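Colleague: Fold the following and give me the result.
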Amino acid sequence: MNIEEIESEISEINTYLEKCLWMDFEFARMDGGSIVVAGRIDTSYDEFAINIDFGTPYYVSSLLHWHLNNSKPFIELIAGKDMWKKVTIYLRLMLKILIRCQ
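Modeller: Predicted structure coming up:
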């Protein structure tokens, strides 16, 4: 996918979720090939209202279960300086963990 296609998918997801008053999310599937984040209006239902498939993930930092917060977009694409800030935070954290484990 190119950047425009990714941004279009993100916009479609955010537009759908803006119309929802409530949604519970969890990881429906996680393996080396993909991660699927799924949401449903009520956890007592077995059926998901939305599935978001992240193919070939590289890094994920997240809660295992969370709720929709409509005060900001559900998903955003970061790039440039913002992306490198996140990468730097991650690398520093990993370095601290490695140092403590020695």
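Colleague: From here on, just use CA atoms for contacts and neighbour counts.
Modeller: OK.
Colleague: what's residue 11 sitting at in phi/psi?
Modeller: Backbone torsions of residue 11, given as degrees, to the nearest 10, read phi -60, psi -40.
Colleague: tell me which element residue 88 is part of?
Modeller: When secondary structure is defined using DSSP states H and E, the element that contains residue 88 is helix 80-101.
Colleague: average pLDDT across that helix?
Modeller: Model confidence over helix 80-101 averages 85 on the pLDDT scale.
Colleague: which of the residues in stretch 27-34 are buried?
Modeller: Residues residue 27 are the ones in stretch 27-34 that count as buried (16 or more other CA atoms under 10 Å).
Colleague: Return the distance of residue 6 relative to residue 89.
Modeller: Counting by CA to CA, to the nearest Å, the separation of residue 6 from residue 89 is 24 Å.
Colleague: What of residue 79?
Modeller: 15 Å.
Colleague: Show the contacting residues for residue 29.
Modeller: When contacts are counted by CA atoms under 8 Å, 6 or more residues apart in numbering, residue 29 touches 35, 36, 37.
Colleague: The host helix or strand of it pairs with which strands?
Modeller: Under the criterion of DSSP H and E, residue 29 resides in strand 24-30. In the sheet containing strand 24-30, its partner strands are strand 34-40 (antiparallel), strand 65-67 (antiparallel), by DSSP bridges.
Colleague: out of these, nearest to residue 59?
Modeller: strand 34-40 (10.5 Å; CA to CA).
Colleague: mind showing which ranges of this structure have poor pLDDT?
Modeller: Counting by pLDDT under 70, the chain contains low-confidence residues at 102.
Colleague: No further questions, thank you.
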